[in-house]
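Provided below for reference: sequence and predicted model.
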Amino acid sequence: MLLSSSPPLRKLFLQSSTSCIPASCIFRFYFSTLSFSASLLQKCKSLIDAKHVHQQIIVQGLADPTTTTHLVRTYLDLDAPSYALAALERLPPSPYAVFWWNALIRRQVRLGFIDDTLCLYSRMCRLGWRPDGYTFPFVLKACGELPSFRRGASVHAIAVFQGFESNVFVCNAIVAMYGRCGAMDNARQMFDELTTRGIDDLVSWNSIVAAYMQNGDSVSAFYMFDRMNIESNFGFRPDAVSLVNILPACASVGACARGKQIHAYALRSRLHEDVFVANAILDMYAKCGLMDEANRVFELMETKDVVSWNAMVAGYSQIGRCEEALSLFEKMQAEDVELNVVTWSAVISGYAQRGHGYHAINVFREMQVCGSEPNAVTLVSLLSGCASVGALLQGKETHCYVIKCLLSLDGGDPGEDLMVINGLIDMYSKCKNTRIARAMFDSIPLKERNVVTWTVMIGGYAQQGDANDALELFSSIVKEGSGVVPNAFTISCVLMACARLADLRFGRQIHAYVLRNRYECCMLFVANCLIDMYAKSGDVDTARIVFDNMYERNAVSWTSLMTGYGMHGHGEKALQVFHEMRRSGLVSDGVTFVVVLYACSHSGMVDQGMKYFNRMSTEYGLVPGVEHYACMVDLLGRAGRLCEAMKLIDDMPMEPSPIVWVALLSACRNHGNVELGEYAANKLLELESENDGSYTLLSNLYANARRWKDVARIRSLMKYTGIKKRPGCSWIQGKKGTATFYVGDRSHPLSQQIYNFLAELIHRIKAMGYVPETSFALHDVDDEEKGDLLLEHSEKLALAYGILTSPPGVPIRITKNLRVCGDCHMAITYISRIVDHEIILRDSSRFHHFKNGSCSCRGYW
């Protein structure tokens, strides 16, 4: 057999029959040659040496399987996989030599050459080689890394066909592969088969827990982690991998107590000495906001790597302790700790989240100076920072950088590209440039848009006042078959748009959508938005029903309901909710007291408001801020106590902000105090905070005092400074959509009927005692003409349209972009006595519920 497989040796043997060389000497020569070849290959220190030896082996005809195997080993040791593969392909299939295919496949997986791994596996099979129990785990890992469910399922089928369905190593790899491909039903089925056969091990349990975590299912991860201990009767003791898998679940759901228990186990079992476990514990505390505990873990770590430092920097940044994050960042630089892209991104993200956009921009510039290349996460954080401060110019610069350094790269990650484009859409939207944002949105093919793409565009429209566009875009998600399922953030954005428009009908449809599609995992977040939407759409009773049916409430839930009651003039109910909130154990903060004072102001509860303002520091340990003083000025001003309001401003421990002076100016307009109003207006000019609202209030104040020259001066000043007064606009929801009206509007198809019906209503209420308040007709004309001008106000036109088109008994809901004028308020109060409708009017300040000749505001508006 040996002779037939080696022609040179056969030739030598035949020659020996006619010579004096014994055959035994020939055999010894052959085997000594093989041994010499192997020895030479082991001594090769370079690829050139190996190729020379390989050449001699071929020339001498010694390329048998054993020598070829040594060649493969040598080429792999010299990191020359292509030569190793060429030699391996010359070998006949053998169970023993599969090891070298496995070595090549393992190398490609380790280096991240996933496609090459699958090509090697396919080549191996085509050449007739049979994979073994060590081949499949590497190939399955490659399928998971892609991820490719189709290829992974094919490899799974081959493994079962070849009898590896009971090999625990292969089965564990199958569980992990399905988890990475997002096929959790398949992963769970494979895991259950493992446990049913009783061949599961600790790696099996770690694999299924890791799979659930990779797919964002922390609850199931906890369940499987607990089952591992219970069903094995604590036979499987969690190892370092187990803890590294489960600790992120504690962080994702804020399970601090559970995290502390796992930390205690790590201490008892000394697993905390593993740097990966210590980093996971540190990261858990940081993401739960427990930075003091995280810092203790950090200080006790004997070995720290860049991940440890990054976790601390990110943790401090996320909770707003930017000074400590920056201090730690500087300490990293001083101790020559490697600053990687994660470090820079964490600092930039921290500043962006706290609204310190210009600090984020400066850190990014420092990053560029240091030569560190930003990744997609860095750029998204930077764009978020630009958006937080409205830095459109810097945002455009970042856009140029993205085009040059990221989007222009061939073979880039489409997921990362889309993430950055989403960040650009968000930045342009928040910088009040929805036109460019929409152009970028439209440039993305429908099938490539993800839920974030839709959400940032809808949110941009909602935040910038383009609420109708937001609702239209949300409708198109469902109608166009985009394949995108709205998430909690999408729902919150569209509810915000409904609240801005007071679009109760669309808001109810969204509520029904939420109930049908079961948003339990984020119901707290969505329910808070529903409370806000119902309250701002005029249905505070339904807001209360949503609140009462919540299984869990946070501070936002309570303050949203209190704000709703305050807007509708139900100050007593708002204070009742405040006391319920205290009894529930929640701590009142500054925001809570802003809402309390706001509710008191809009209900005329001056004494109660003053009591709570004084108790802030004495009973609740809170120092009143400028926003609380603004609420108090508004409270006193609405009640006509302008001298007390002015004294409060003089006694403020900080400089009054524009909002304080606007509150005072508004009160002066309501009560006709021209002198004090001029003083407030001058203060606004000094603070360079003039806007159309401030100028309009002052102009109206002068008009009410019949100081027409001053009115003309203010209007001329507005024209000179380029400030335009927003036109009054009212809209009402009808059967056929929303009807919008402006002052003197005659564009509606029912315009003639509306004006005739309105004239009839005015005639009827005049007979009841209504007298037009011509002081609200802000033009220097006679009283009769002023009465005609008052008739054309947008809220009166909307009301007439609503009565004409609504069945008796149905509430009429009107929204106005400015404050309702005094004459319209008086006229609607009279009209509510002669029509069978409750009239609900929302203006820029509050809600007015008119019924049977009275208004819920009781004059405090």
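It's in.

geometric centre of this structure: which residue is closest?
Central residue of the chain (C-alpha atoms, centre = their mean): F489, 7.1 Å from the mean position.

any idea which element the spatially closest residue to it that is not a sequence neighbour lies in?
Leaving out its chain neighbours, the residue that sits closest to F489 by C-beta to C-beta, 6 or more residues apart in numbering is T455, at 5.0 Å. C-beta coordinates here come from the backbone N, C-alpha and C atoms, glycine included. Counting by DSSP states H and E, the secondary-structure element that holds T455 is helix 451-463.

which helix or strand contains the residue nearest to the centre of the chain?
Taking DSSP H and E as the definition, F489 sits inside helix 488-501.

just the mean pLDDT for the next helix-or-strand element following that helix, thanks.
In the C-terminal direction, the helix or strand that comes right after helix 488-501 (DSSP H and E) is helix 504-517. Model confidence over helix 504-517 averages 91 on the pLDDT scale.

for helix 504-517, packing partners?
On a contact count with 3 or more C-beta pairs under 8 Å, 6 or more residues apart in numbering; DSSP states H and E, helix 504-517 meets helix 488-501, helix 523-536.

so the last one versus helix 488-501, what angle?
Using axes from the mean of the first three to the mean of the last three C-alpha atoms, to 10 degrees, the inter-axis angle of helix 523-536 relative to helix 488-501 is 10 degrees.

output the contacting helices and strands for helix 523-536.
When contacts are defined as 3+ C-beta pairs under 8 Å, 6+ apart, helix 523-536 sits against helix 488-501, helix 504-517, helix 540-548, helix 555-567.

kindly provide the whole-number mean pLDDT of that helix.
This predicted structure assigns helix 523-536 an average pLDDT of 92.

can I get the CA coordinates of it in CSV?
Listed in CSV are the C-alpha atoms of helix 523-536, where the atom choice follows Å, rounded to 0.1, in the frame of the first residue of the first chain:
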residue,chain,number,x,y,z
MET,A,523,-48.4,52.3,29.2
LEU,A,524,-47.3,54.8,31.9
PHE,A,525,-45.6,56.9,29.3
VAL,A,526,-48.6,56.8,26.9
ALA,A,527,-51.2,57.3,29.6
ASN,A,528,-49.5,60.5,30.8
CYS,A,529,-49.7,61.8,27.2
LEU,A,530,-53.4,60.8,27.0
ILE,A,531,-54.1,62.7,30.2
ASP,A,532,-52.4,65.8,28.7
MET,A,533,-54.2,65.4,25.4
TYR,A,534,-57.7,65.0,26.9
ALA,A,535,-57.1,68.0,29.3
LYS,A,536,-55.9,70.3,26.5
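
list the buried residues for stretch 437-452?
Neighbour-count burial for stretch 437-452 flags 437-438, 440-441, 444, 449, 451-452 (criterion: 16 or more other C-beta atoms under 10 Å).

gap between the residue nearest to M301 when sequence neighbours are not counted and M284?
In this structure, M301 finds its nearest non-sequential neighbour in A278, 5.1 Å apart by C-beta to C-beta, 6+ apart. Taking C-beta to C-beta, to the nearest Å as the measure, A278 and M284 are separated by 11 Å.

out of those two, name the residue with the larger neighbour count.
M284 (30 against 27; other C-beta atoms under 10 Å).

secondary structure element for the more buried one?
helix 275-287.

packing partners for that helix?
Judged by 3+ C-beta pairs under 8 Å, 6+ apart, the packing partners of helix 275-287 are helix 240-253, helix 256-268, helix 291-300, helix 306-318.

about what we covered before: would you confirm that the residue nearest to M301 contacts R270?
No. Under the contact definition of C-beta atoms under 8 Å, A278 does not touch R270, with a separation of 11.4 Å.

about what we covered before: want to throw the helices and strands packed on helix 504-517 into JSON lines with distance to L791?
Compiled in JSON lines, the helices and strands packed on helix 504-517 are given as follows (distance: least, C-beta to C-beta, whole Å):
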{"stretch": "helix 488-501", "distance to L791": "26"}
{"stretch": "helix 523-536", "distance to L791": "29"}
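
right, and these - which one's nearest Y351?
For the helices and strands packed on helix 504-517, proximity to Y351 was assessed by C-beta to C-beta; helix 488-501 is nearest, at 21.9 Å.

alpha carbons of the closest one, in CSV - could you do that?
These are the backbone C-alpha positions of helix 488-501, laid out as CSV (Å, rounded to 0.1, in the frame of the first residue of the first chain):
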residue,chain,number,x,y,z
ALA,A,488,-44.6,54.8,22.5
PHE,A,489,-42.6,57.8,21.3
THR,A,490,-44.6,58.0,18.1
ILE,A,491,-47.8,57.8,20.0
SER,A,492,-46.6,60.6,22.4
CYS,A,493,-45.7,62.8,19.5
VAL,A,494,-49.1,62.4,17.7
LEU,A,495,-50.9,63.0,21.0
MET,A,496,-48.9,66.2,21.5
ALA,A,497,-50.1,67.3,18.0
CYS,A,498,-53.7,66.5,19.0
ALA,A,499,-53.3,68.5,22.2
ARG,A,500,-51.9,71.5,20.3
LEU,A,501,-55.0,71.5,18.0
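
ok, the closest residue to R833 other than its chain neighbours - contacts?
Leaving aside its sequence neighbours, R833 sits nearest to G853 (C-beta to C-beta, 6+ apart; 3.9 Å). Contact partners of G853, counting by C-beta atoms under 8 Å, 6 or more residues apart in numbering, are 829-830, 832-833.

gap between G853 and G822?
The span separating G853 from G822 equals 17 Å under the rule C-beta to C-beta.

what of N549?
In this structure, N549 and G822 are 40 Å apart, going by C-beta to C-beta.

ok, these two, which is more surrounded?
Applying other C-beta under 10 Å to N549 and G822 shows that G822 carries more neighbours, namely 15 against 8.

hmm, that one is touching P772, no?
No. G822 is beyond contact range of P772, at 10.2 Å (criterion: C-beta under 8 Å).

how about stretch 558-566 as PDB, C-alpha atoms only?
Written as PDB, here are the backbone C-alpha positions of stretch 558-566 (Å, rounded to 0.1, in the frame of the first residue of the first chain):
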ATOM      1  CA  TRP A 558     -50.200  63.800  38.900                       C
ATOM      2  CA  THR A 559     -48.900  67.100  37.500                       C
ATOM      3  CA  SER A 560     -50.600  66.500  34.100                       C
ATOM      4  CA  LEU A 561     -53.900  66.100  35.800                       C
ATOM      5  CA  MET A 562     -53.400  69.100  38.100                       C
ATOM      6  CA  THR A 563     -52.500  71.200  35.100                       C
ATOM      7  CA  GLY A 564     -55.600  70.100  33.300                       C
ATOM      8  CA  TYR A 565     -57.800  71.100  36.300                       C
ATOM      9  CA  GLY A 566     -56.000  74.400  36.400                       C
END
